[in-house]
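[1] Sequence first, predicted model second:
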Amino acid sequence: MDSAVLAPAPVPPSWPPSLQVLLGEEAPELWSAVLGPLGGRLRTLAPVTVTLRPDAAATVRWSAVVDWADGRATRESLAATTGAEVPAGAAVLAGDVGGETVTVGLWRWPLDPALPGLAWAASAAGVARLLAELGVDAGTPRLRLRAYRPGRRAVVEVTSPAGRWFLKVVRPSAAAGLAARHAALAPAVPVPPVLAATDDGVLVLPALPGTPMREALGGDPAVLPPPAALEELLDALPPLGLPALAPPGRRDPTDPLPRLRGHAAVLGMVCPGLAPRLERLTAAVAAAVERRPVVPVHGDFYEAQLLVGGGAVVGLLDVDTAGPGARADDRATLLGHLLLLERLAADPAPVAAYRARVEAVAGGGADLAARVAGVLVGLATGPFRVQQAGWAEATEARVALAEEVMRTSSSR
């Protein structure tokens, strides 16, 4: 093992044991213990995503180069998780960190033990066989991984001369409920229909027409729907009486504070210096939030989930969280993402103009501002999660943006 290549960056001693193990000097040793018996030897190991939960459990995905006994060198995607998230079937190691036992489950892509369907959904031959069962001759399809949250979900884009599809890979126990949710929503809003759902947790969805709103925000404004059309889209969500739209969740689905507190706890663990500011921000949000009626919501409503064309919404994606909630939270999620996108875009003017139009329709007020601030605190976890260069500074900037939203609201 080349220790010069594999030497990890120092992990702050204040970080929880899960990160000490998964990001510290023990990380290469964990993988050597797993890969060694298979004839593999790490050449490089670098974290790609790091998800930390409020209970201090963590999941890390790495990019690695592995040298094998037969002379091959392969690039591997490796994943590990701690705590209650360790799935059955993972390679399990345990050790003591500062007097606390940390149990780690490890696996190699695409053999995610929590997502058994991923093994074939990441294989062109496996995908071709499934499409053939649906009556589609896809030849040798091209696959592109669009999203992967180890142990949680993955999205694979499939392209062939016969068409384009998305394979949504979830835990098998979640597949039937997600398919039912699509079926309940499809008559009312433009969600993709489920063409097939497998017992091992793979949903086959057709690609929908339209331009992603995020892309459209930097292009022709005529493509964008008027903000009133977004409200009409949410108004069209089917009633909550449908069993498929009543997933178990928070005791009060209209209360943003539990989620905010969870995000603040995560940020406080990796950026302890922000903890006092996060505490004040949470208190300010708690003072401003009002009770809202429970209505049907999308649950993660922002520009990346919307396909647009001709001034209308032609596609609504990722309906995993559709169900009971507060309409103000859907509005706040969109506004929070637009506000951050405005700060990150090379040309912020079109985004700022559209955000102003959305705000005018949303109606403003202290409650909405508080919910937007909560969304921004959640988005502040992003730079660390994707291991962005300068993530600490980017995190602080997003927290500062949430504080600015609250200050602006109170000054009004």
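    Here it is on my side, so go on. Numbers count the residues shown, from 1 in each chain.

[2] Could you identify the longest helix within this protein?
    helix 391-411 (DSSP state H).

[3] what packs against it?
    Secondary-structure packing of helix 391-411 (3 or more CB pairs under 8 Å, 6 or more residues apart in numbering; DSSP states H and E): helix 257-270, helix 275-288, helix 327-344, helix 366-379, helix 382-385. From N, CA and C alone the C-beta is placed, and that goes for glycine too.

[4] so of those, which one's packed in deepest?
    helix 366-379 (a mean of 25; mean count of other CB atoms under 10 Å).

[5] Does that helix pack against any helices or strands, and if so which?
    Partner elements for helix 366-379 (3+ CB pairs under 8 Å, 6+ apart): helix 257-270, helix 275-288, helix 327-344, helix 391-411.

[6] Could you check the angle the longest one makes with helix 366-379?
    This means helix 391-411. Going by axes from the mean of the first three to the mean of the last three CA atoms, to 10 degrees, helix 391-411 is angled at 180 degrees with respect to helix 366-379.

[7] Any buried residues in helix 391-411, and which?
    By neighbour count on 16 or more other CB atoms under 10 Å, the buried set for helix 391-411 is 391, 394-396, 398-399, 401-403, 405-406, 409.

[8] In which helix or strand does Leu307 reside?
    strand 306-309 (DSSP states H and E).

[9] Do me a favour and average the pLDDT over that strand.
    On average, the pLDDT along strand 306-309 is 96.

[10] Can you name every helix or strand that the next helix or strand after it contacts?
    Per DSSP H and E, the first helix or strand lying C-terminal to strand 306-309 is strand 312-316. If contacts are counted by 3+ CB pairs under 8 Å, 6+ apart, strand 312-316 sits against helix 227-235, strand 306-309.

[11] Roughly how far does Ala229 sit from Val314?
    For Ala229, the distance to Val314 equals 11 Å [CB to CB, to the nearest Å].

[12] How about Val65?
    Distance from Val65 to Val314, by CB to CB: 42 Å.

[13] swap in Trp15?
    Distance from Trp15 to Val314, by CB to CB: 44 Å.

[14] what residues are up against the residue nearest in space to the middle of the chain?
    With distances taken as CA atoms, centre = their mean, the chain has Arg149 as the residue nearest its mean C-alpha position (7.2 Å). Neighbouring residues of Arg149 by CB atoms under 8 Å, 6 or more residues apart in numbering: 49, 51, 59.

[15] likewise Gly390?
    Applying CB under 8 Å, 6+ apart, one finds that Gly390 lies in contact with Pro383.

[16] hang on, the earlier thing: out of the helices and strands packed on helix 391-411, which comes closest to Gly36?
    Minimum separation from Gly36 across the helices and strands packed on helix 391-411 (CB to CB) falls at helix 382-385, 29.5 Å.

[17] So which elements touch that closest one?
    Here helix 382-385 touches strand 40-52, helix 391-411, going by 3+ CB pairs under 8 Å, 6+ apart.

[18] and with 10 Å instead?
    Where contact means 3 or more CB pairs under 10 Å, 6 or more residues apart in numbering; DSSP states H and E, helix 382-385 is packed against strand 40-52, helix 257-270, helix 391-411.

[19] Reformat the ones you listed as TSV; add distance to Leu205.
    Formatted as TSV, the helices and strands packed on helix 382-385 follow (distance: least, CB to CB, whole Å):
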stretch	distance to Leu205
strand 40-52	23
helix 257-270	27
helix 391-411	31
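
[20] want to try JSON lines for these, with mean pLDDT as columns?
    Formatted as JSON lines, the helices and strands packed on helix 382-385 follow (pLDDT from 0 to 100):
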{"stretch": "strand 40-52", "mean pLDDT": "96"}
{"stretch": "helix 257-270", "mean pLDDT": "98"}
{"stretch": "helix 391-411", "mean pLDDT": "95"}
